[in-house]
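Colleague: sequence and predicted structure below; questions after.
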Amino acid sequence: MKLQTLLQYLHNFTPRVTENPTITSIEMDSREVQQGSLFVCIKGFTVDGHDFAEQAVARGAVAIIAERPLTLPVPVIYVNDSRRALAVLADAFYGQPTHHLHLIGVTGTNGKTSTTYFIERICRHAGKKTGLIGTIHMKIGDETYDVNNTTPESLVLQKMFRKMVDADVDVAAMEVSSHALHMGRVHGCDFDVAVFTNLTQDHLDYHQTMDHYRWSKGLLFAQLGNRFDHQRPKFAILNADDAASEEYKKSTAANVVTYGIHHESDIMAKNIEMTTSGTTFQLVTPTEMVEVKTKLIGMFNVYNVLAAVSACLVSNIPLATIVEAIAHMEGVPGRFEVVDAGQPFTVIVDYAHTPDSLENVLQTIRQFAKKRVFVVVGCGGDRDRTKRPLMAQIAVQYSDVPIFTSDNPRSEDPLAILNDMKQGVTEDVVCIVDRKEAITYAIEQAEEGDVVLIAGKGHETYQIIGKDVLYFDDRVVAREAIQRRKEK
Ligand SMILES: CC(=O)N[C@H]1[C@@H](OP(=O)(O)OP(=O)(O)OC[C@H]2O[C@@H](n3ccc(=O)[nH]c3=O)[C@H](O)[C@@H]2O)O[C@H](CO)[C@@H](O)[C@@H]1O[C@H](C)C(=O)N[C@@H](C)C(=O)N[C@H](CCC(=O)O)C(=O)O
Ligand SMILES: Nc1ncnc2c1ncn2[C@@H]1O[C@H](COP(=O)(O)OP(=O)(O)OP(=O)(O)O)[C@@H](O)[C@H]1O
Ligand SMILES: N[C@H](CCC[C@H](N)C(=O)O)C(=O)O
Ligand SMILES: [Mg+2]
């Protein structure tokens, strides 16, 4: 694509450059630049991309997008906000792919990964070709791609959407984090359906206040189409049992569909019954009432299923197909995942890393636990510090044997994180800084009928200590500990 063709999309800017080189790729990382690239300088949270512009030119960049004056031997186009410009240019460069996809975005503090997985599975069951973007990976059909972020930067997103369109994907489900909404990573994404799961405390390191966090999530609904196009209607799917939905309802021009258990809503779950092997409920829609059976357990999963059902219904998937898909659905990796190595007690690995998710998971376990509940839990470094004492309190309140340990300490001192946790409790709690030792301790203490919850890292296959990313998988560590115990 020619530079001048691309620049036409930056409407608020009159380009002074007259050169018109062919642009072979857009890059935001100088290390990825090749001959013919357009390099976008982004002032980041740790370094300033402008400092790498010279390096980008040396590697073959033929034009630069910048926010501040740079003296370079290639054309430099100045913009007020280069991250925003990146979103516009990436969307244009890849041929505005989301205009050709049925795109479903899911936001909320907890349940995004689960809900997008359920949407993907239902759509596949309905014979659709699917795409998925989220915490665990990106997917086209069965092909998976690694991700650095739950919601990647616009450049990565638009490239992936292009790939999806080229692969004839019908429906793409993606998680939309509050960071992405606030930083404009999803500018240019033409969502058809926007889903809200819930809002509870997290990410106050980034947002500072719950008001800012709630407002950032609301951007997904505020940005959802403002024309009543009969051919391509837009839908906001809101959780009637969460207070934030009232605000989101006001901020969107899209059609609103609500789901819930307690408050009157369009799609409801009634007469919920749960056992250790699954859940059944009556699904009530404005026109039908059907029995739903799922292998999933936990009230939170009923909400996730309702959110997925609502998103699929407005996407014109027949209710009977949806119900059939739900009956076959397995759980999501690292979410309430049972580790069974033949031991006489239950071991569950779960991604709960917020106060609300930890409380939900422990409440679910409590409902079924015959004997003691152990919880091995830590809190991530370089993340919301104020959730640490709250998670500690919840661990103590809902378990018999809480064991505090490290999650991903990142640049923080692991002992300082444990100390923040301990501030939330008055009881003496076992603290074992090494996560492997903590898991092993729990597994060695557990007796027949007990439940051991290993919380916080779920599907993660690494632990970040300082700058080191070390291989670590709670499920493998637990399995090995069980094995060692058996061999004793
Ligand atoms: C705080 C934050 O969100 N940071 C994000 C941000 O990084 P940044 O802009 O600060 O990057 P930087 O390292 O300062 O670099 C600035 C620029 O210089 C460039 N650079 C850098 C080095 C070099 O040699 N050459 C070069 O050109 C970089 O490519 C970049 O363009 O932009 C990057 C690209 O989009 C993101 O990957 C990165 O996410 C980091 C990894 C992160 O941890 N983010 C978390 C907080 C986050 O976003 N989490 C949410 C999930 C929340 C949830 O699940 O609820 C998410 O969506 O992932
Ligand atoms: N609807 C829900 N409400 C509360 N807790 C939930 C809900 N769904 C899942 N959980 C809990 O939260 C954990 C994370 O779930 P999931 O990965 O689906 O959320 P997420 O929003 O994608 O998280 P992240 O922000 O890290 O991407 C689960 O392991 C479970 O403990
Ligand atoms: N999306 C979340 C994941 C947290 C997972 C937990 N294991 C941690 O490292 O804190 C975040 O980046 O805050
Ligand atoms: Mg997620």
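Modeller: Received it, and whenever you're ready, just let me know what you need. Ligands and ions are numbered 1, 2, ... in the order given.
Colleague: any idea how far ligand 1 is from residue 4?
Modeller: To ligand 1, residue 4 is 24 Å away according to CB to the nearest ligand atom, to the nearest Å. For every residue, glycine as well, the C-beta is placed using N, CA and C.
Colleague: which residue packs closest to that residue, ignoring adjacent ones?
Modeller: residue 20 (4.7 Å; CB to CB, 6 or more residues apart in numbering).
Colleague: so residue 85 sits against residue 9, correct?
Modeller: No. The criterion here is CB atoms under 8 Å, and residue 85 misses it with residue 9 at 9.2 Å.
Colleague: okay, those two: which has more neighbours?
Modeller: The residue with more neighbours, out of residue 85 and residue 9, is residue 85; 26 against 15, by other CB atoms under 10 Å.
Colleague: quick check: what element follows the lowest-mean-pLDDT helix or strand in the chain along the chain?
Modeller: Least confident helix or strand of the chain, by mean pLDDT, DSSP states H and E, is helix 204-207 with a mean of 90. Counting by DSSP states H and E, the next helix or strand C-terminal to helix 204-207 is helix 210-222.
Colleague: what's in contact with that following helix?
Modeller: By CB atoms under 8 Å, 6 or more residues apart in numbering, the residues outside helix 210-222 that reach it are 105, 107-108, 176, 178-179, 181-182, 186, 191, 194, 196, 199, 201-204, 207, 236, 238, 244, 247-249, 251-252, 254.
Colleague: any idea how far residue 164 is from ligand 1?
Modeller: Here the distance between residue 164 and ligand 1 works out to 19 Å (CB to the nearest ligand atom).
Colleague: please apply the same query to residue 66.
Modeller: The gap separating residue 66 from ligand 1 is 12 Å, by CB to the nearest ligand atom.
Colleague: what bridges to that residue?
Modeller: Beta-bridge partners of residue 66, counted by DSSP bridges, are residue 78.
Colleague: correct me, but it touches residue 80?
Modeller: No. Taking CB under 8 Å as the definition, residue 66 is not a contact partner of residue 80, at 10.9 Å.
Colleague: helix or strand for residue 34, which one?
Modeller: Per DSSP H and E, there is no helix or strand for residue 34.
Colleague: could you tell me which of the contacts of helix 210-222 belong to helices?
Modeller: 178-179, 181-182, 204, 207, 244, 247-249, 251 (DSSP state H).
Colleague: so residue 115 belongs to a helix, correct?
Modeller: Yes. Using DSSP: H, G, I helix; E, B strand; the rest coil, the assignment for residue 115 is a helix.
Colleague: okay, strands next: where are they in the stretch 201-350 of the chain?
Modeller: For the stretch 201-350 of the chain, the strands defined by DSSP state E, counting those that start in this stretch occupy 235-239, 255-260, 267-275, 278-284, 289-294, 337-339, 346-350.
Colleague: pipe these into CSV and attach distance to ligand 2 and mean neighbour count per row.
Modeller: Shown next, in CSV, are those (distance: least, CB to the nearest ligand atom, whole Å; neighbours: other CB atoms under 10 Å):
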stretch, distance to ligand 2, mean neighbour count
strand 235-239, 8, 27
strand 255-260, 11, 20
strand 267-275, 12, 15
strand 278-284, 13, 17
strand 289-294, 14, 15
strand 337-339, 9, 17
strand 346-350, 4, 25
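Colleague: quick one: which of the ones you listed is nearest ligand 3?
Modeller: Proximity to ligand 3 (CB to the nearest ligand atom) singles out strand 346-350 among the strands of the stretch 201-350 of the chain, at 11.0 Å.
Colleague: gap between the closest one and the chain center?
Modeller: Remark: strand 346-350 is offset 21 Å from the chain centroid, using CA atoms, centre = their mean, to the nearest Å.
Colleague: strands paired with it, and their directions?
Modeller: If you go by DSSP bridges, strand 346-350 pairs up with strand 337-339 (antiparallel), strand 451-455 (parallel).
Colleague: pick out the shakiest of those, pLDDT-wise.
Modeller: Looking at the strands paired with strand 346-350, the lowest mean pLDDT belongs to strand 337-339 (a mean of 95).
Colleague: other residues contacting that one?
Modeller: Strand 337-339 is contacted from outside by 331, 346-350, 458, 475, 478-479, 482, using CB under 8 Å, 6+ apart.
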